[in-house]
Every structure is written in C-alpha cells, then in structure tokens.
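S.K.: what follows is a predicted structure for the sequence shown.
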Amino acid sequence: MKKLTSAVALKLTKTASPEAIDASIGEVCILNHETIPNVYDMVTLLNCCGKLERGGLALTACLRDEKAAEEGWILAEQYQQVLMGQIKKAEKQIQKRQHLRYIQGEDMEATGMIAGVVIRYIHPDLPFIALNKVDDVVKISGRGTRKLVDSGLDLAVALREAASGVGGNGGGIT
C-alpha cells in the first residue's frame, strides 16, 4: 500500500493542483454504524446509483442493506470504468487557448466529472470547459481551481453571460 500511495503522490506532484494533492491525502471520515463506513465510498456509491437512475438501490444501501451495498459497489465499479474511459478519451481531445482549455464531445458520460478530473489532476493552470452535445442541446461544465478563483475567475458569471448570448441559460455556483 505504501508503494501505491507513493506512486500516486509522485504522479500528482507532476501535474495536479495543490488542492488536488491535499484532497488525495486528506481526512477520512468514518461512519461507525453503516454498511459502508468510509463516507467518501458511500458518496461514490450514492452518486453512481443516482447517475445510473438506481435511486432505490441507493436508498436501500442507506438503510444498511448489505446486499444492496454490494450491488451498489458492483455498479459503482462498472460506472467508474466507463468514466475512466471517458476521461482518457477526453484527455486526447483537450484544446488549449490563451485563457482556457476545453473539449467538445457528443453524448459524453458525466461531463462535470471529466471537467473536475482534468482541472484537478491534469491541467490545473487554466480554467477548463467541457462542451457536450446531447441530442440538440449543448451541456457545458466549467471548472477552475481555488487558486484561479482567488485570482478573480468567476465561471458562474462567464457561463451565464455566454449562455444568455446564445439563447440558453446557466451559471452554476461560484
């Protein structure tokens, strides 16, 4: 385990933001009376169940049903494999401009997750925008690091104004 941790830490120091490094080493919160004791594992399972429209399974796992938790983990692992494939594919499509990086895709899974991984672990130096065309709608997820936000980046305003300029809406949170 120490070798794996060291290898991950070395990889992160090459490209990741300080926030990403802190997050990978950070605290672990334990839920003492749950079937899934690590809070981050629980969140991962719940998020995957939600993305796969299996809310009932997530609820049952929250009610301490061990079989539901096991089934949820199987789904979570499968979903994470899909995400890793999407992230690897997205990494090859990243375009760089003077003030940001972006990708354009179609029917990508978890656009926000891709944007988050890219900004935290691959290219933390510039804001990152992921554009995802689904049917006739373009969904956009933008991400920046704490350092970029502290320097004045406000993607919520930028995306809201950009979307408004083309008849859409958006803005997210700051």
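M.R.: Alright, I've got the coordinates. Numbering: from 1, shown residues only.
S.K.: show me where the chain has strands.
M.R.: With DSSP state E as the criterion, the chain has strands at 95-96, 101-106, 128-134, 137-143.
S.K.: relative to the shortest one, what are the paired strands and their orientations?
M.R.: Sheet partners assigned to strand 95-96 using DSSP bridges are listed as strand 101-106 (antiparallel).
S.K.: what comes up buried for the strand it pairs with?
M.R.: 101-103, 105 (16 or more other Cβ atoms under 10 Å). In this view, the C-beta of every residue, glycine as well, is placed from N, C-alpha and C.
S.K.: now mean pLDDT too, for the strands of the chain, in CSV please.
M.R.: As requested, the strands of the chain are exported to CSV (pLDDT from 0 to 100):
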stretch, mean pLDDT
strand 95-96, 96
strand 101-106, 93
strand 128-134, 92
strand 137-143, 90
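S.K.: turn those into TSV, including distance to residue 154.
M.R.: As requested, those are exported to TSV (distance: least, Cβ to Cβ, whole Å):
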stretch	distance to residue 154
strand 95-96	21
strand 101-106	17
strand 128-134	14
strand 137-143	10
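S.K.: off-centre distance for the longest helix seen in the chain?
M.R.: Looking across the chain with DSSP state H, the single longest helix is helix 66-93. Distance, stretch centre to chain centre, for helix 66-93: 12 Å (Cα atoms, centre = their mean, to the nearest Å).
S.K.: over to stretch 96-108?
M.R.: 15 Å.
S.K.: quick one: contacts of that stretch?
M.R.: Residues outside stretch 96-108 that contact it (Cβ atoms under 8 Å, 6 or more residues apart in numbering) are 86, 90, 93-95, 111, 114, 118, 123, 126-134.
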